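Asks: how would this look folded up:
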Amino acid sequence: MSEAEIIVFPLTRRVGKVRTVAATLKAMRTEKMARAYRTQITAALLNQLGKLGVDPVDQHEPVFEFWRAVHDEIARSIEGAA
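Replies: Reported below is the predicted structural model:
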């Protein structure tokens, strides 16, 4: 019996989630609040990927790419405001 490969919807394509997280982070008043929020979101994403059956070794890259998309969204919103 062969192992099944799990293909999940790319986290970077979850545009609504990326924009919501970016807006929330931008609104944070302190770095401590932002760090706690980033930790909470990261834990939730890892939990979701784990429930989908994604091997823990394969979970880090999609989460990293998600945070890159959030960073890019924050940069776009700052550039658009200028």
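
Asks: buried residues in stretch 6-19?
Replies: By 16 or more other CB atoms under 10 Å, the buried positions in stretch 6-19 come out as 11-12, 17-19. (C-beta placed from N, C-alpha, C; glycine too.)

Asks: give me the most central residue, the chain.
Replies: Within the chain, the residue whose C-alpha comes closest to the C-alpha centroid is Phe66; the distance, by CA atoms, centre = their mean, is 3.6 Å.

Asks: what about Phe9, which helix or strand?
Replies: According to DSSP states H and E, Phe9 maps onto no helix or strand at all.

Asks: please read the previous query as pertaining to Asn47.
Replies: Assigned by DSSP H and E, Asn47 falls in helix 31-51.

Asks: again, but for Ala69
Replies: With secondary structure defined by DSSP H and E, Ala69 is part of helix 60-81.

Asks: which elements pack onto that helix?
Replies: In this structure, helix 60-81 packs against helix 15-27, helix 31-51, with contacts taken as 3 or more CB pairs under 8 Å, 6 or more residues apart in numbering; DSSP states H and E.

Asks: okay, the angle between that helix and helix 15-27?
Replies: Helix 60-81 and helix 15-27 are oriented at 60 degrees to each other (axes from the mean of the first three to the mean of the last three CA atoms, to 10 degrees).
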